[in-house]
Each structure stands twice: as structure tokens, then as C-alpha cells.
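J.: sequence and predicted structure, then a few things I'm wondering about:
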Amino acid sequence: HKITLLLCLAENAIGPSAFRNDDILTMLSGKTVEVNNCDAEGRLVLADGVNHATKYIENLDCVIDMATLTGAQLIATGKKHAGILSNSLDLERQAVDAGLRSGDLVFPLLYAPELLKAEFKSDFADMKNSVKDRSNAQTSCAGHFIEDHLEPDYKGGWLHVDMAGPANKGERGTGYGVGLILSLLGAKGF
């Protein structure tokens, strides 16, 4: 396997150059985003990351984005299972199996971009960065926001892993995700 890792890091900090609610950002994909939630910054850098990957990395057949993205993930799949979203049922099944083998458990989220896209409707930009209705599959919506920034001509697999729950136990990180990725890659012992 040829693996390329992009680190899409965000620090939610205040300052004179920080973005604010009602700002309009132009993403790497060329799409504009109206900021309606400054605490939803992670999806902005992940969206640019998946776009960069699908635009500039040659012979790409799979993109995996992984983050402690939403508190809603804990409501959807709990503290021990990450929530996953994929444009490929086969990749989704591979991720579930990899989770069972590695102990980094995952559970599929609702995949329905055609039903959830309206949650990001903006009168001023192509979309907002956070949902209109937090009670409507919020963690799936966050994943679909990222998916919407894949290059339009990208035909490979995409897997979104929201690991907000299993990433921590108490005040300590768990190392969640390493085993999942190694298992997905077929590494020995996983």
C-alpha cells in the first residue's frame, strides 16, 4: 500500500485574525461557506484536506478522514464505537470488520446526503458550516459537509470516522484509530 497522511489541524482560539460567525470563507474546493458556528472549525480543515487529497494526490483510491468531530457522535454511537460514514457499502463493511478485529469499534451512521444537504442551506454562500437543525442526524451531516468537498471527478472510496467518544477515557487519550487503520490495511497482527 502507498499511504499519504495529511494532518488537518485546527485550534479553536480567539484573536484578531480568527474567523467569526457570519464570515464567508472560500474553501480549497472553491465552494463558499458561511460560518454559523465557530466551534465547528474541524470540519473546515478536514474539508480542505479531503479536497487537497482528491485534487493533488495521484492514483488515489481511498480517502479516510478521522477526527474527534462532533459531540453528537457520542449520542449516535456511544463512547466505545466511532461513527462511520462512507460513499461505499463495501468500504463501510471493511471498516466494521477492521474494527471488530482491532478492537477499535465502529458503527455506521445514516448515509443520506440527498436528504441532509438542506441542513447547510445558506442565503449568502454555497453552504453553512453547521446544521440548521441539531436534532436531524447532526453527526452524519458533519460528515456529509466534509464529503461535499471531495473533488467532483474523484471516483474512489471515502470513509469518515468520527471518533469523539472512543478517543478519550477520562482525561486520557486512548490511541483509538491506530488499530483500525492498521487493520483496514491488513497489517500483520490486526
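T.: Sure, I can see it.

J.: against residue 107, how distant is residue 175?
T.: 19 Å (Cβ to Cβ, to the nearest Å). All C-beta spots, glycine's among them, are computed from the backbone N, C-alpha and C.

J.: tell me which of those two has more neighbours.
T.: Taking other Cβ atoms under 10 Å, residue 175 and residue 107 do not tie; residue 107 has more neighbours (16 against 10).

J.: just give me how far the host helix or strand of that one sits from the chain centre.
T.: Assessed by DSSP states H and E, residue 107 sits inside strand 106-108. Here the centre of strand 106-108 is set off from its chain's centre by 13 Å, with Cα atoms, centre = their mean, to the nearest Å.

J.: state the mean pLDDT of it.
T.: Averaging pLDDT along strand 106-108 gives 98.

J.: next structured bit after that strand?
T.: helix 113-116.

J.: contact partners of the strand holding residue 107?
T.: 77, 81-86, 92, 95-96, 98-99, 161, 180 (Cβ atoms under 8 Å, 6 or more residues apart in numbering).

J.: direction included, what does that strand pair against?
T.: Here strand 106-108 is paired, per DSSP bridges, with strand 82-86 (parallel).

J.: from the chain's centre, how far out does the partner strand sit?
T.: On Cα atoms, centre = their mean, the centre of strand 82-86 falls 8 Å from the chain's centre.

J.: again with stretch 183-190
T.: With Cα atoms, centre = their mean, you get 22 Å for stretch 183-190.

J.: just stretch 118-126 next, same as before
T.: On Cα atoms, centre = their mean, the centre of stretch 118-126 falls 19 Å from that of its chain.

J.: which residues in the protein form strands?
T.: All strands of the chain, identified by DSSP state E, fall at 24-26, 32-34, 62-67, 82-86, 106-108, 127-128, 157-162, 168-169, 172-173.

J.: pull the distance from stretch 67-87 to the chain's centre.
T.: Counting by Cα atoms, centre = their mean, stretch 67-87 comes out at 10 Å from the chain centroid.

J.: how many neighbours does residue 140 have?
T.: 27.

J.: thought residue 112 was touching it, still the case?
T.: Yes. Here residue 140 reaches residue 112: they are 7.0 Å apart, a contact under Cβ atoms under 8 Å.

J.: which neighbours do those two share?
T.: Between them, residue 140 and residue 112 share no contacting residue under Cβ under 8 Å, 6+ apart.

J.: wait, what's in contact with residue 20?
T.: 35, 38.

J.: pLDDT score for residue 181?
T.: 96.

J.: the one 5 residues further on too?
T.: Reported pLDDT at residue 186 in the predicted model: 93.

J.: distance of it from residue 116?
T.: 32 Å.

J.: okay, these two: which has more neighbours?
T.: More crowded of residue 186 and residue 116, by other Cβ under 10 Å: residue 116, with 21 against 11.
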